[in-house]
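In: Sequence and computational prediction follow.
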Amino acid sequence: MSMMTSNARMWTATTPSFQRLARKISAMPRLPLQKKTGRIMSIPYLISVVLMPIFGIAIDRIGCRGLLFLASSLLFICVHLTLAYPDMDPEAHVTPPTIPLIGQGIAYAMVASVLWASIPLSVGPKQTGTAYGIAVSFMNTALAIVPLIVAKIYNANDEQYLPAVEGLFVSLAFLGIISALALNVADHYNGGKLNALQDLQTFWRNRRPSEEYYIDEPPPSLYPTETI
């Protein structure tokens, strides 16, 4: 559970904090095309609106939650490296910001769908509410601390966003990879619940085992008993 909340903290730090800073920069009078910038920065959330239900259905059918945690962290690193160095080769074309932002939306939808589906599998039924509370607390902690760090880095670099601030997000995504690897190792040695392959029918049968009695025969409590 602690590794999962750590991964959630990295995810929370790399996406909402990035979006808030980008909106602040786009609102500055010296930057042109402010409305267009606002539309571009909405891409990750629009992508996540479409993909979250799809990822949720897929996760219920195939599992692989821990592996998707790892994949989302890798994708976050690729996204923020592309944003930090859009013109690494001076002779190459600058990467359009829409491309990494689409990738960010995919990673955001992936990790959000996996996180909430994994918590009930990681704790007992009586600790589920506590686990959700701890996860949200970690996420809010990241939302409170990371923007302060971003602001210090931004001001220390003469109000230049690239590449220093994006370097922070790359570092956080790298920590997400470490925590995702640790999560997969821990899951492997604890029954492999997060990565278990499981179709939807088996999932619901396991959640409601009492219904199996009514498929072929009534439950034992309904059998007539002989009285002496």
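Out: Yep, that arrived. Quantities reported herein were computed from a predicted structural model and do not represent experimental measurements.
In: so what secondary structure elements neighbour the host helix or strand of residue 146?
Out: If you go by DSSP states H and E, residue 146 is part of helix 128-156. Applying 3 or more Cβ pairs under 8 Å, 6 or more residues apart in numbering; DSSP states H and E, we find helix 128-156 packed against helix 2-14, helix 16-26, helix 98-122, helix 164-188. The way it works is simple: take the backbone N, C-alpha and C, and place the C-beta from them, glycine included.
In: distance of residue 49 from residue 109?
Out: Computed with Cβ to Cβ, to the nearest Å, the distance linking residue 49 and residue 109 is 8 Å.
In: between those two, who's got more neighbours?
Out: Set side by side, residue 49 and residue 109 show more neighbours around residue 109, with 23 against 11, by other Cβ atoms under 10 Å.
In: gap between that one and residue 53?
Out: Residue 109 is 9 Å from residue 53, by Cβ to Cβ.
In: Then residue 72?
Out: 17 Å.
In: which of those two has more neighbours?
Out: Neighbour count, other Cβ under 10 Å: between residue 72 and residue 53, residue 72 has more, with 28 against 11.
In: wait, isn't that one in contact with residue 113?
Out: No. Counting by Cβ atoms under 8 Å, residue 72 stays clear of residue 113, with 9.4 Å between them.
In: Find the least confident helix or strand in this structure, judged by mean pLDDT.
Out: Lowest on mean pLDDT, DSSP states H and E among the helices and strands of the chain sits helix 211-216, with a mean of 45.
In: for this structure, which spans come out with low pLDDT?
Out: Residue ranges of the chain with pLDDT under 70: 1-37, 87-95, 197-228.
In: and residue 160, what does it touch?
Out: For residue 160, the contacting residues are residue 154, by Cβ atoms under 8 Å, 6 or more residues apart in numbering.
In: Torsion angles phi and psi at it?
Out: Main-chain dihedrals, residue 160, degrees, to the nearest 10: phi -100, psi 120.
In: Quickly note the distance from it to residue 173.
Out: Separation of residue 160 from residue 173 (Cβ to Cβ): 21 Å.
In: Please apply the same query to residue 46.
Out: Per Cβ to Cβ, residue 46 is found 21 Å from residue 173.
In: again, but for residue 138
Out: Between residue 138 and residue 173 the computed distance is 16 Å (Cβ to Cβ).
In: Which one of the two is surrounded by more residues?
Out: The residue with more neighbours, out of residue 138 and residue 173, is residue 173; 24 against 19, by other Cβ under 10 Å.
In: Mind telling me what element the closest residue to that one other than its chain neighbours is part of?
Out: Excluding the flanking residues, the one nearest residue 173 by Cβ to Cβ, 6 or more residues apart in numbering is residue 76, at 3.9 Å. Using DSSP H and E, the element containing residue 76 is helix 65-84.
In: what's that helix packed up against?
Out: Taking 3+ Cβ pairs under 8 Å, 6+ apart as the contact cut, helix 65-84 packs with helix 2-14, helix 43-62, helix 98-122, helix 164-188.
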